[in-house]
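Asks: give me a model of this one.
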Amino acid sequence: MKQVCVLGNGQLGRMLRQAGEPMGIDVWPVGLEADPEAVPFQQSVITAEIERWPETALTRELARHPAFVNRDVFPIIADRLTQKQLFDKLGLATAPWQLLAEKADWPGVFESLGELAIVKRRTGGYDGRGQWRLRSHETAQLPDDCYGECIVEQGINFSGEVSLVGARAHDGTTVFYPLTHNLHQDGILRVSVAFPQANAEQQAQAESMLTSIMNELNYVGVMAMECFITPGGLLINELAPRVHNSGHWTQNGASISQFELHLRAITQLPLPPPVINSPSVMVNLIGTDLNTDWLKLPLVHLHWYAKEVRAGRKVGHLNLNDSDTDRLSATLEALVPLLPPEYASGITWAQSKLI
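Replies: All right, here's what the predicted structure looks like:
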């Protein structure tokens, strides 16, 4: 069986390693500053848990490695400018946007995009960082170094957010999970809810869009696509060329997790469609200390990342799934007193989805 090196040694690399063990795949998550001599990359398939990385001795070696899957795709998706240009090239629905080159652009921005502008750094920035929501009287808040380094999008009036996680094999075969409903607060994913059957029209649109993207890029492995729900259909918000936070529910809610699916795809193992038999809920643990009382609830699966707990930092997640939505909702209710108060609104949102 092939071994896999993962560029990046955070929680996604850790969960890829865990998924590889039952299949006999040795997965090596490696830090960006690792000594190339200590990394068995010459005999490995190379993947990544991050979109962009600095130049180091290791990344210089990997950039030349012929088995670095999707090596040339990462720069396209890591830059929001080239990502948006890709959507436009393929005729895929996304929020109206433009490059924000200089301060003199602002009058035209509000004239063409409307009264609310969403400014995003082209590279970096995630979990709400590197993003601003500005109206015409607020543009002075934007740091000067953003000009030329940001895109600006029209503020979209959407009714919900969903993501599609899918995978493409070397031969072009694609498989998908059902659309996942997501709740973000302050730009950070708090809760995800997935059902065995998604809205058929939305699922078909999302699969068509993501298939088009993966085929255009000749992408192999798992990719995630975040979308806004609007009256006119789905609008693509952003892509992630990797396993994704909104797919964590698949660890306990699907016959094949997104982590296993990614490893299967990049090592050319069979890629059957995952089977989902019951609704699932994922609760992100953000800046929250470990509480073993969570494990008193039989539906709760704890995934703890063994990271230092800091405010705003993802340190783990809880997965719950059950065919009985009343029991699932009751377990969520029982979690509320075991979590800090800020989790209550997200759990209420998840319960509303289960009705």
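Asks: worst mean pLDDT across the helices and strands of the protein, which element?
Replies: Least confident helix or strand of the chain, by mean pLDDT, DSSP states H and E, is helix 57-63 with a mean of 90.
Asks: list the buried ones in that helix?
Replies: Leu58, Thr59, Glu61, Leu62 (16 or more other Cβ atoms under 10 Å). Where you see a C-beta, it was placed from the backbone N, CA and C, and this is true even at glycine.
Asks: packing partners for the helix or strand immediately after it in the chain?
Replies: Downstream of helix 57-63, the first helix or strand assigned by DSSP states H and E is helix 74-78. For helix 74-78, the elements it packs on are helix 80-90, judged by 3 or more Cβ pairs under 8 Å, 6 or more residues apart in numbering; DSSP states H and E.
Asks: which other residues reach the helix it packs on?
Replies: For helix 80-90, the external contacting residues (Cβ atoms under 8 Å, 6 or more residues apart in numbering) are 75-77, 93-94, 97, 99, 120-123, 151, 212-213, 216-217, 236, 238-239.
Asks: ok, of the residues you listed, which come out buried?
Replies: So, by 16+ other Cβ under 10 Å, the buried ones in the contacts of helix 80-90 are 76-77, 94, 97, 99, 120-123, 151, 213, 217, 236, 238-239.
Asks: neighbours of the nearest residue to Arg14 once chain neighbours are set aside, how many?
Replies: Excluding the flanking residues, the one nearest Arg14 by Cβ to Cβ, 6 or more residues apart in numbering is Pro29, at 6.2 Å. Using other Cβ atoms under 10 Å, Pro29 has 21 neighbouring residues.
Asks: contacting residues for Pro29?
Replies: Contacts were defined as Cβ under 8 Å, 6+ apart; by that measure Pro29 touches Val6, Gly8, Asn9, Gly10, Gly13, Arg14, Leu16, Arg17, Glu49.
Asks: now do the SS call for it.
Replies: Classification of Pro29 using DSSP: H, G, I helix; E, B strand; the rest coil returns strand.
Asks: circling back: so what touches the least confident helix or strand of the chain?
Replies: Applying Cβ under 8 Å, 6+ apart, the external contacts of helix 57-63 come out as 5, 7, 30, 32-36, 39, 41, 46, 53, 68, 71.
Asks: how near is the nearest residue to Pro36 once chain neighbours are set aside to Ala200?
Replies: Leaving aside its chain neighbours, Pro36 sits nearest to Glu61 (4.6 Å; criterion: Cβ to Cβ, 6+ apart). Relative to Ala200, Glu61 is positioned 46 Å away (Cβ to Cβ, to the nearest Å).
Asks: with Tyr343 instead?
Replies: Tyr343 is 32 Å from Ala200, by Cβ to Cβ.
Asks: got it, and Pro274?
Replies: Distance from Pro274 to Ala200, counting by Cβ to Cβ: 18 Å.
Asks: so the two - more neighbours on which side?
Replies: Neighbour tally, Pro274 and Ala200, criterion other Cβ under 10 Å: the higher count belongs to Pro274, 20 against 8.
Asks: does that one touch Ala167 like I think?
Replies: No. Using Cβ atoms under 8 Å, Pro274 is not in contact with Ala167; the gap is 9.2 Å.
Asks: for Phe158, give its distance to Ser257.
Replies: From Phe158 across to Ser257, the span is 28 Å (Cβ to Cβ).
Asks: those two: which is more packed in?
Replies: Taking neighbours as other Cβ under 10 Å, Phe158 and Ser257 compare with Ser257 leading, 24 against 16.
Asks: spit out the contact partners of that one.
Replies: Ser257 is in contact with Ala19, Thr250, Gln251, counting by Cβ under 8 Å, 6+ apart.
Asks: for those residues, pick the one with the most neighbours.
Replies: Counting by other Cβ under 10 Å, top hit in the contacts of Ser257: Thr250 with 27 neighbours.
Asks: what's the closest non-adjacent residue to Ala206?
Replies: Nearest non-adjacent residue to Ala206, counting by Cβ to Cβ, 6+ apart: Leu164, 4.2 Å away.
Asks: surely the one you found meets Leu210?
Replies: Yes. Using Cβ under 8 Å, Leu164 is in contact with Leu210, at 5.4 Å.
Asks: what sits in contact with each of these two?
Replies: Common contacts of Leu164 and Leu210 (Cβ under 8 Å, 6+ apart): Phe176, Met225.
Asks: report the central residue of the protein.
Replies: His244 (3.2 Å; Cα atoms, centre = their mean).
Asks: among the contacts of Pro29, which ones are in helices?
Replies: Gly13, Arg14, Leu16, Arg17 (DSSP state H).
Asks: how close does the closest residue in space to the first one that isn't next to it in sequence get to Leu263?
Replies: Nearest residue to Gly13 in three dimensions, chain neighbours excluded: Pro29, at 2.9 Å (Cβ to Cβ, 6+ apart). Taking Cβ to Cβ as the measure, Pro29 falls 12 Å from Leu263.
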